[in-house]
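1. next comes the sequence, and after it the predicted model I'd like to discuss.
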Amino acid sequence: MKKILISTTLLAGVLSYAGGFRVSLQGVKQLAMAHTSAHAEDASVTFFNPAGMSFIPSKLSIVAGGFGASNKVTFQNVNTLQSTETDNPIGTPIYAAVTYKPIENLSVGFSFSTPFGSTIEWPSDWEGREMVQRLELKSFYFQPMVSVKLAPWMSFGASYIYAKGKVDWTKAVTQFGGELNINDENASGHGYGFGFYFRPEEKLDVSIAYRSAIDMKAKNGTATFQFPSQSIYSLLGLGDSGQDKFTATLPLVEEYTVGLTYKITPKWLVSADFNYHGWERYGKLTLDFEKAPVGNQADPTVQTVPKNFRNSKTFRLGTQYMFNNMIAGRLGAYYDESPYSDQNFIPETPSFNTYVITGGIGLKFNHIGVDVAAGYALPQSRDVKNDNLGLYGQAKAKAFYLGLGLSYNPF
């Protein structure tokens with residue numbers, strides 16, 4: 001029973017990733033400039049700040065784009081020096097948005113994005129197989145929004161957020177020669193966002209935005225145990241299928257963003273952003289199983305897991321230069337803090353303090369824009385010292401992103 005208890009505890013790490021870790025891939029143009037936010041050229045601004053819609057020069061704007069994200073994580077045991085590397089498939093985040101101005105000072109819009117999600121796959125026989133073998137995560141954000149121009153130089157915008165999520169996680173239970181799969185495809189939650197967008201002069205844009213915390217509720221998740229002996233199912237109070245239900249509330253944290261863009265010359269602009277993520281909200285996670293007595297509370301089906309996340313910050317700096325009316329060149333760099341320490345490192349959701357270098361080009365053909373971007377991540381290696389998991393060693397990672405985006409501003 002001890003091994004089962006440890007395995008269930010690790011679920012907290014899985015679900016925290018499904019609800020929390022920010023993937024900065026919501027705009028190809030933005031990624032090329034370090035994923036900065038104060039750019040109101042088309043509908044791609046909607047995810048970052050709904051107030052930016054009021055400053056889009058076109059009455060109707062439509063954007064869509066996608067990314068290919070490749071990443072590898074390597075863990076080396078400090079005692080045996082054995083090294084293990086993940087074999088992750090290419091991730092494919094996507095986004096789309098549309099905005100429209102029915103009247104001069106009012107804009108409405110809709111944004112679809114996939115801000116959280118990835119797939120991590122460790123070898124089935126690696127030393128941490130009881131923590132994770134394979135984990136697939138997906139999330140979808142649907143955001144209707146409105147923006148009002150309060151003055152020629154200032155606007156206010158707000159959005160409603162409906163979030164859907166999925167987690168599919170498989171791990172070994174070596175004590176009984178089996179596996180455990182955790183699956184929920186219908187987790188959901190609600191939130192909101194709002195912001196102000198300022199253009200006090202033609203050379204300067206300022207964006208201030210807030211995205212609320214969201215409680216993602218998994219109301220009907222399925223835990224499937226697979227063991228070679230039927231007696232183990234009876235021990236856990238499960239039927240022959242080995243399935244049990246669970247519920248959980250998964251906290252997504254709030255995000256604060258301040259961004260500015262300054263046009264040094266008519267052709268050259270510089271952008272900077274500061275993001276603050278309120279990860280301290282994620283203090284614990286409670287899982288309530290229907291039958292399996294794998295908990296640690298007075299009710300043996302309830303498992304409460306302490307989490308030691310901390311607030312984190314991201315610093316971004318990007319630039320764009322217009323070579324002519326058709327071609328723009330873009331560069332950027334940013335630093336992203338991990339929301340947990342070396343003592344709380346988990347292999348299901350490996351996170352690092354990371355430097356990212358970005359770049360790209362933009363092409364304009366009358367009302368159509370084509371943008372390409374790339375990013376290369378330089379995560380700092382970590383000395384893993386997780387006493388709770390018995391995980392000691394060094395973790396390293398590398399990641400690369402490619403993006404293609406299209407925009408259409410017909411009138």
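-> Here it is on my side, so go on.
2. hey, let's count contacts and neighbours off CA atoms from now on
-> Noted.
3. which element is Thr304 on?
-> Assigned by DSSP states H and E, Thr304 falls within strand 302-306.
4. what helix or strand is Ser155 on?
-> For Ser155, the host element (DSSP H and E) is strand 154-173.
5. immediately after that strand, which helix or strand?
-> Counting by DSSP H and E, what follows strand 154-173 is strand 178-201.
6. pLDDT of the helix or strand following that following strand, averaged?
-> On the C-terminal side of strand 178-201, the closest following helix or strand by DSSP H and E is strand 204-211. Averaged across strand 204-211, pLDDT comes to 98.
7. buried residues in strand 204-211?
-> Using 16 or more other Cα atoms under 10 Å as the test for burial, strand 204-211 gives 204-211.
8. and the furthest pair within these?
-> Farthest-apart pair in those is Leu204 and Arg211; separation 23.2 Å (Cα to Cα).
9. how close does His190 get to Ala397?
-> Using Cα to Cα, to the nearest Å, one obtains 33 Å as the distance from His190 to Ala397.
10. those two: which has the busier surroundings?
-> Ala397 (21 against 17; other Cα atoms under 10 Å).
11. which residues does the more buried one contact?
-> Contact partners of Ala397, counting by Cα atoms under 8 Å, 6 or more residues apart in numbering, are 71-74, 378-381.
12. state the distance from it to Pro228.
-> 36 Å.
13. chain center to the host helix or strand of Gly65: distance?
-> Here Gly65 sits within strand 60-77, counting by DSSP H and E. Chain-centre distance of strand 60-77: 10 Å, with Cα atoms, centre = their mean, to the nearest Å.
14. one step back: which one of the contacts of Ala397 is nearest Ser44?
-> Looking across these and measuring by Cα to Cα, the closest to Ser44 is Asn71, at 25.1 Å.
15. just list the residues touching the closest one, thanks.
-> By Cα under 8 Å, 6+ apart, the residues touching Asn71 are 88, 90, 397-400.
16. same question, Thr261
-> Thr261 neighbours (Cα under 8 Å, 6+ apart): 38-39, 203-206, 269-272.
17. these two touch, right, Lys149 and Tyr197?
-> No: applying Cα atoms under 8 Å, one finds Lys149 not in contact with Tyr197, separated by 9.2 Å.
18. pull out the buried residues from stretch 157-166.
-> 157-166.
19. low-confidence regions, this structure specifically.
-> 1-22 (pLDDT under 70).
20. ok, which stretches of it are helices?
-> Secondary structure of the chain, counting by DSSP state H: helices at 2-19, 28-32, 230-235.
21. wait, Met216 sits on Leu252?
-> Yes: contact criterion Cα under 8 Å: Met216 and Leu252 qualify, at 7.0 Å.
22. so how many other residues sit close to the residue nearest to Gln297 when sequence neighbours are not counted?
-> Spatial nearest neighbour of Gln297, chain neighbours left out: Gln303 (6.4 Å); criterion: Cα to Cα, 6 or more residues apart in numbering. By the criterion of other Cα under 10 Å, Gln303 has 24 neighbours.
23. Leu287 is in contact with Gln303, correct?
-> Yes: the pair Gln303 and Leu287 passes the contact test of Cα under 8 Å, sitting 5.1 Å apart.
24. distance check, Gly390 against Ala172.
-> Taking Cα to Cα, one finds Gly390 at 16 Å from Ala172.
25. more neighbours, those two?
-> Ala172 (23 against 9).
26. residues contacting that one?
-> With contact taken as Cα under 8 Å, 6+ apart, Ala172 is in contact with 129-133, 178-180.
27. ok, it to Asp205 distance?
-> Distance from Ala172 to Asp205, by Cα to Cα: 52 Å.
28. quick check: buried residues in stretch 94-103?
-> Buried positions in stretch 94-103, judged by neighbour count with 16+ other Cα under 10 Å: 94-101.
29. could I have that stretch exported to PDB, CA atoms only?
-> The C-alpha trace of stretch 94-103 is given here as PDB (Å, rounded to 0.1, in the frame of the first residue of the first chain):
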ATOM      1  CA  ILE A  94      -2.100  27.000 -31.800                       C
ATOM      2  CA  TYR A  95      -4.100  30.300 -31.500                       C
ATOM      3  CA  ALA A  96      -6.700  32.300 -33.400                       C
ATOM      4  CA  ALA A  97      -8.400  35.600 -32.800                       C
ATOM      5  CA  VAL A  98     -10.800  38.100 -34.400                       C
ATOM      6  CA  THR A  99     -11.800  41.700 -33.600                       C
ATOM      7  CA  TYR A 100     -14.400  44.000 -35.000                       C
ATOM      8  CA  LYS A 101     -15.300  47.700 -34.400                       C
ATOM      9  CA  PRO A 102     -19.100  48.100 -34.800                       C
ATOM     10  CA  ILE A 103     -18.700  51.800 -33.800                       C
END
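30. that one: how far from the chain's middle?
-> The chain centre lies 22 Å from the centre of stretch 94-103; the measure is Cα atoms, centre = their mean.
31. stretch 367-387 now?
-> Distance, centroid of stretch 367-387 to centroid of chain: 12 Å (Cα atoms, centre = their mean).
32. what about that stretch, start to end distance?
-> One end of stretch 367-387 sits 57 Å from the other (Cα to Cα).
33. so where do the strands sit in the stretch 301-411 of the chain?
-> 302-306, 312-322, 327-336, 354-365, 368-379, 382-386, 391-408 (DSSP state E, counting those that start in this stretch).
34. quick one: buried residues of the longest one?
-> Okay, so that is strand 391-408. Neighbour-count burial for strand 391-408, counted by 16+ other Cα under 10 Å, picks out 391-398, 400-408.
35. just stretch 117-137 next, same as before
-> 117-122, 126-137.
36. now swap in stretch 228-235 and tell me
-> Neighbour-count burial for stretch 228-235 flags 232-233 (criterion: 16+ other Cα under 10 Å).
37. one step back: can you tell me which of the strands of the stretch 301-411 of the chain is nearest to Val78?
-> Closest approach to Val78 among these (Cα to Cα): strand 391-408, 4.2 Å.
38. could you check the angle that closest one makes with strand 382-386?
-> Here the directions of strand 391-408 and strand 382-386 differ by 120 degrees (axes from the mean of the first three to the mean of the last three Cα atoms, to 10 degrees).
39. and strand 391-408, which strands flank it?
-> Using DSSP bridges, strand 391-408 pairs in its sheet with strand 60-77 (antiparallel), strand 368-379 (antiparallel), strand 382-386 (antiparallel).
40. noted, bye for now.
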